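Q: Here's a sequence, model it:
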Amino acid sequence: MLDVRRLQLLRELDRRGTIAAVAESQSFTASAVSQQLSVLEREAGVPLLERSGRRVVLTPAGRILVTHADAVLERLELAVSELAGAREGLGGPLLIGTFPSGGPAIVPAALAELALRHPELEPMVQEIDSARVSDGLRAGELDVALVHDYDFVPASPDTTVDQVPLLEEPMYLATGGAPPTGPVAGGDTLAELLGPWAASPWITARDGTTGHAMAVRACQAAGFQPRIRHQVNDFRTVLALAAIGQGAGFVPEMVIAHAPEEVALTRLPLFRRSKVAFRAGSGTHPAIAAFVAAARTAVGATGCGWATGPG
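A: From the prediction side, this is the model:
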């Protein structure tokens, strides 16, 4: 019989790439992870791992087993969700992740709605970049999270995570003063809108984030490589820096109400899509479903017109 916990370790190795990373995510030693994977190989009766230089990679049989591990673990999440639904009332911790701009814009209103409808729930919020959410969900560090993707940076397919849509919003170019190359062109393509700022310094999110990748790729699509001066993850800081002429940056619609008077905002043909993510199979868990409903209520209450439907 294959051990579920060992299947989970194999899946993490497939996602994280190294035994050291798996060990860190599971609070194990690397030797303990190696030993457990060796036991799994004996249970399976075929080699699951092979050496590739200093790394360990999955064999074809190992990759096949990971596919089944995904299905097994999703089924367990479904079982946990059904058992939770059989209990009366919602209570206990709910571990919530959020991207930075979702914190002030969505999370407080969602938590207020949860407190009103499910006062025994104990929401616990942590800020996390969308690129790290899948790892956090699989490791049990999160139960549910707000995530987003952008044009030019679509979400990577991940069979371990399910998502439901929350909102779609346009991105804006935030600048201060006139562009270095003269008046902004009257067109509506990225090249026409961003091109006049090609020689300007740029403000982006930190390297390794989806926001950083979006900014760089959008500028490249407009025909230039951005000269990055500042790297900050807080869009309000981007607005403040743009206001004093420190560069051009991208901000989503949900933050433009906080723009200083000195900031010029140009709507772009570029969009950000926000979603609620959770472990595959856990979407029917009453606490997860309650958070999804509360987040949608919070978005709808803004009146900004960019909330999606309940699909």
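
Q: and the residue nearest in space to the middle of the chain, what does it touch?
A: Ranked by distance to the mean C-alpha position of the chain (Cα atoms, centre = their mean), the top residue is residue 130 at 1.8 Å. For residue 130, the set of contacting residues under the criterion of Cβ atoms under 8 Å, 6 or more residues apart in numbering consists of 99, 147-149, 155, 209-210. From N, CA and C alone the C-beta is placed, and that goes for glycine too.

Q: those helices in the stretch 1-150 of the chain, which residues are they?
A: With helices called from DSSP state H, counting those that start in this stretch, the stretch 1-150 of the chain shows them at 4-16, 19-26, 30-44, 60-86, 102-105, 107-117, 133-138.

Q: ok so, going back, contact partners for the residue nearest to the residue nearest to the centre of the chain when sequence neighbours are not counted?
A: Sequence neighbours aside, residue 147 is the residue nearest to residue 130 in space, at 4.2 Å (criterion: Cβ to Cβ, 6 or more residues apart in numbering). By Cβ under 8 Å, 6+ apart, the residues touching residue 147 are 97, 99, 130, 133, 155, 163, 274-277.

Q: Among the residues you listed, which lie within strands?
A: With strands identified by DSSP state E, the entries of the contacts of residue 147 that belong to them are 97, 163, 274-277.

Q: on that earlier part again, mind checking the helices of the stretch 1-150 of the chain for the one nearest to residue 200?
A: Distances from residue 200 to each of these were compared using Cβ to Cβ; the shortest belongs to helix 102-105, at 27.1 Å.

Q: quick revisit: among the contacts of residue 147, which pair sits farthest apart?
A: 97 and 155, at 14.7 Å, using Cβ to Cβ across these.

Q: surely residue 33 meets residue 19?
A: Yes: taking contacts as Cβ atoms under 8 Å, residue 33 lies within contact range of residue 19: 5.2 Å.

Q: Which residues are in contact with each of those two?
A: In the contact map built from Cβ under 8 Å, 6+ apart, the residues linked to both residue 33 and residue 19 are residue 13.

Q: Just send the helices of the stretch 1-150 of the chain back as a markdown table, with mean neighbour count too.
A: Formatted as a markdown table, these follow (neighbours: other Cβ atoms under 10 Å):
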| stretch | mean neighbour count |
| --- | --- |
| helix 4-16 | 19 |
| helix 19-26 | 19 |
| helix 30-44 | 16 |
| helix 60-86 | 15 |
| helix 102-105 | 20 |
| helix 107-117 | 17 |
| helix 133-138 | 22 |
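
Q: Between those helices, which has the poorest mean confidence score?
A: Ranked by mean pLDDT, those bottom out at helix 102-105, with a mean of 79.

Q: which helices and strands sit right next to it?
A: If contacts are counted by 3 or more Cβ pairs under 8 Å, 6 or more residues apart in numbering; DSSP states H and E, helix 102-105 sits against no helix or strand.

Q: Offset the numbering so it begins at 128, please.
A: New numbering, starting at 128: the last item is helix 229-232.

Q: who's in contact with that helix?
A: In this structure, residues lying in contact with helix 229-232 by Cβ under 8 Å, 6+ apart are 252, 254, 273, 275, 381-382, 401, 429.

Q: which residues touch stretch 355-365?
A: If you take Cβ under 8 Å, 6+ apart as the criterion, stretch 355-365 is touched by 227-228, 256, 301, 328-334, 336, 338-339, 343, 368, 373-374, 376-379, 382, 385.

Q: and those residues, which are buried?
A: Judged by neighbour count, with 16 or more other Cβ atoms under 10 Å as the criterion, the buried members of these are 227-228, 256, 301, 328-332, 336, 338-339, 343, 368, 373-374, 376-379, 382.

Q: Among these, which ones are in strands?
A: Using DSSP E to define strands, the subset of these located there is 301, 328-331, 376-379.

Q: contacting residues for residue 189?
A: By Cβ under 8 Å, 6+ apart, the contact set of residue 189 is 137, 141, 174-176.

Q: buried ones in stretch 410-430?
A: Taking 16+ other Cβ under 10 Å as the criterion, stretch 410-430 shows 410, 412-426 as buried.

Q: Residue 242: which of those is nearest?
A: residue 421 (9.2 Å).

Q: Let me know the average pLDDT across whatever helix or strand the closest one lives in.
A: Using DSSP states H and E, the element containing residue 421 is helix 413-427. Per-region confidence: helix 413-427 scores 93 on mean pLDDT.
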